[in-house]
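Chemist: Next input, structure requested:
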Amino acid sequence: MQVCQPHPENAAPVGLVAGWGRYPLVIAQVLRQQHRPVVCLAVKDHADPALRELSDVYAEFGLGKLGASLRYFRRNGVTTATMAGKIHKVLLFRTSFLWKHFPDWRCLRTFYPHFISHRRDRKDDTLLGAIVDAFAEEGITMVPATDFLPEVLVKPGCLTRRQPSRIEAIDIAFGWTIAKEMGRLDIGQSVAVKGQAALAVEAVEGTDLCIQRAGQLCPSGGFTVVKVAKPQQDMRFDVPTVGLVTLESMRKSGARVLAIEANRTILIDEPQVIEFANRHGMVIIALENGQTPDGGP
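Modeler: Modelled structure (predicted):
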């Protein structure tokens, strides 16, 4: 197994737990620019293989290999780590999951209350918090990925040329209340609405499939997607993230407006996302503290 070598600047290595999407690639690139050695723990069936070229040390582990993951980080001198990218929670409910991601002893011990005795729930915060605690027990502190790239958090304002109409502004305010309540319950972060009616609420399937379902239920399109942070959001994990994939899902499904929470939402490839939205006549607006946008005529 490859082991992290001393870096020329003697910087301490940073462990990167990489899930699905572009975000882990962005964080790995930033860490390299900051001359920090990257010890990448790529989640099997999630992480982009391109991370191998951006990492000083790279290894792939299944979701059940918690003990092996901890030993890997310790062996490479990691005391600070961060999570980036999505974990597809739907995998937990597939019949093939145990065979493909067979748990090691540390994983069984950590998640026994969630999956065997059922004394604890399987909400996102609960499961991810258990992982963070397991790392902490081994002397590895999990920090927000945004600590390394704070500018990736979207700033307040309307990002696109088109502003929301008066009707769309009403739907944003309506959807915001629902999304915040869903977040408080740790069910999901996104909701699709039209005419002050909830078309689809995100749960285990994720934002893109939530948008797709809304498009199937509302073939006339023109609906609004609201994605917010949880009231109790832990910025170390499960931070709301949008990018070109989100916008493409909206375009295919007929959504016209995306409202996100300023300073608490990660926006990947912002220039490209804004260009895409402008090209397709879409609205992207980032709001603070649930403020109601001013709708146009």
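Chemist: List the buried residues of stretch 277-292.
Modeler: Of the residues in stretch 277-292, 277, 282-287 count as buried by neighbour count, 16 or more other Cβ atoms under 10 Å. Bear in mind the C-beta positions are built from the backbone N, C-alpha and C, glycine included.
Chemist: ok, the residues you listed vs Val14, which is closest?
Modeler: When these are compared for distance to Val14 (Cβ to Cβ), Ala286 wins out at 28.0 Å.
Chemist: How much space separates the closest one from Lys65?
Modeler: When Cβ to Cβ, to the nearest Å is applied, the distance between Ala286 and Lys65 equals 37 Å.
Chemist: how many other residues sit next to Val57?
Modeler: Other residues near Val57 come to 24 when the count uses other Cβ atoms under 10 Å.
Chemist: I figured it hits Asn76, correct?
Modeler: Yes. With contacts counted by Cβ atoms under 8 Å, Val57 reaches Asn76, the gap being 5.5 Å.
Chemist: Map the structural domains onto the sequence of this structure.
Modeler: For the chain, whose domains are defined here by automatic domain parsing, the residue ranges read 14-147, 153-287.
Chemist: which stretch among those comes nearest Pro293?
Modeler: Taking Cβ to Cβ, domain 153-287 is the member of the domains of the chain nearest to Pro293, at 4.7 Å.
Chemist: now that closest one: mean pLDDT?
Modeler: Averaging pLDDT along domain 153-287 yields 96.
Chemist: again with stretch 76-87
Modeler: Summarised as a single mean, pLDDT over stretch 76-87 is 96.
Chemist: From the chain's centroid, how far away is that stretch?
Modeler: Offset of stretch 76-87 from its chain centre (Cα atoms, centre = their mean, to the nearest Å): 14 Å.
Chemist: The chain: strands as residue ranges?
Modeler: In the chain, strands defined by DSSP state E lie at 14-18, 38-43, 57-61, 80-84, 141-143, 157-158, 190-194, 197-201, 223-227, 241-242, 255-261, 266-267, 283-287, listed in chain order.
Chemist: Including distance to Pro164, could those strands go into CSV?
Modeler: Conversion of the strands of the chain to CSV gives the following (distance: least, Cβ to Cβ, whole Å):
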stretch, distance to Pro164
strand 14-18, 35
strand 38-43, 36
strand 57-61, 43
strand 80-84, 30
strand 141-143, 35
strand 157-158, 8
strand 190-194, 12
strand 197-201, 17
strand 223-227, 8
strand 241-242, 16
strand 255-261, 6
strand 266-267, 17
strand 283-287, 5
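Chemist: I'd like to know which of the ones you listed is closest to Arg213.
Modeler: If we rank those by Cβ to Cβ, the stretch that ends up nearest is strand 197-201, at 4.5 Å.
Chemist: Flag every buried residue along the closest one.
Modeler: For strand 197-201, the buried set under the neighbour-count rule, 16+ other Cβ under 10 Å, comprises 199-201.
Chemist: ok, which stretches of the protein are helices?
Modeler: Using DSSP state H, the helices of the chain run over 23-33, 51-54, 66-75, 97-100, 105-115, 124-137, 166-184, 207-217, 244-253, 270-279.
Chemist: Reformat the ones you listed into a markdown table and put distance to Ser190 next to each item.
Modeler: Formatted as a markdown table, the helices of the chain follow (distance: least, Cβ to Cβ, whole Å):
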| stretch | distance to Ser190 |
| --- | --- |
| helix 23-33 | 17 |
| helix 51-54 | 26 |
| helix 66-75 | 28 |
| helix 97-100 | 24 |
| helix 105-115 | 24 |
| helix 124-137 | 13 |
| helix 166-184 | 6 |
| helix 207-217 | 5 |
| helix 244-253 | 9 |
| helix 270-279 | 16 |
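Chemist: For Thr82, which of the ones you listed is the nearest?
Modeler: Closest among these, using Cβ to Cβ: helix 23-33, at 6.9 Å.
Chemist: Just the CA atoms of that closest one, as PDB, please.
Modeler: Once side chains and other backbone atoms are set aside, the C-alpha atoms of helix 23-33 remain, and they are given as PDB (Å, rounded to 0.1, in the frame of the first residue of the first chain):
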ATOM      1  CA  TYR A  23     -16.900  18.800  -5.400                       C
ATOM      2  CA  PRO A  24     -14.100  16.300  -4.300                       C
ATOM      3  CA  LEU A  25     -12.100  17.200  -7.400                       C
ATOM      4  CA  VAL A  26     -12.400  20.900  -6.600                       C
ATOM      5  CA  ILE A  27     -11.300  20.400  -3.000                       C
ATOM      6  CA  ALA A  28      -8.300  18.200  -4.100                       C
ATOM      7  CA  GLN A  29      -7.200  20.800  -6.600                       C
ATOM      8  CA  VAL A  30      -7.400  23.600  -3.900                       C
ATOM      9  CA  LEU A  31      -5.400  21.500  -1.400                       C
ATOM     10  CA  ARG A  32      -2.700  21.000  -4.000                       C
ATOM     11  CA  GLN A  33      -2.600  24.700  -4.700                       C
END
